[in-house]
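In: below are the sequence and a predicted model; questions follow.
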Amino acid sequence: MSAGFAVSCLNAATIPAGTTLGVSTASSISSQDPVGRTFAAQLDQDVAVKGAVLLKAGTKAFGKIKSSRANPRRSEPLTLELTSISVNGRNVAIKTHSVQPGSPPRTGRQARHGFTAGTLTVTPGTKMQFQLAQAVTF
């Protein structure tokens, strides 16, 4: 019985560009963290293509900080992107559009000068949606 299932797992599966990956963070992330710092997350919902579940909820995902406020000369809002997912014990590289989690409110003066108020912290368990920028085959 399971032999047929094993064979179907060996076929390459493709998740098309534009697919949304809903994740919840496994580690905390701060707007003061340096660019390039990695973070862990996991899918909070199954990813299905044409009715077939290709990635189950709970699949590990990894990302990095694309921009942050760690460098005072280039203070930018915190933006994140996913960089890989764990499929059958190996990490598969992915490319997603970047996400700005919970942008803090700005005052009019801060908006004119490009400053955001306070440090933004993303706590473990925060749900975010990333959209694939390129199709992924695994």
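Out: Received, thanks.

In: how close does the residue positioned nearest the centre of the chain get to residue 70?
Out: A centroid search over the chain (C-alpha atoms, centre = their mean) returns residue 82, at 3.4 Å, as the residue closest to the centre. Note on residue 82: its distance to residue 70, by C-beta to C-beta, to the nearest Å, is 20 Å. From N, CA and C alone the C-beta is placed, and that goes for glycine too.

In: how about residue 96?
Out: When distances are taken as C-beta to C-beta, residue 96 and residue 70 turn out to be 21 Å apart.

In: also residue 16?
Out: 34 Å.

In: do residue 48 as well
Out: The value you get for residue 48 to residue 70, if C-beta to C-beta is used, is 37 Å.

In: who has more neighbours, those two?
Out: Relative neighbour count places residue 70 above the other of residue 48 and residue 70, with 18 against 13, counting by other C-beta atoms under 10 Å.

In: and the next element down the chain from the helix or strand containing residue 80?
Out: Remark: residue 80 resides in strand 79-87, with elements defined by DSSP states H and E. With elements assigned by DSSP H and E, the helix or strand that comes after strand 79-87 is strand 90-93.
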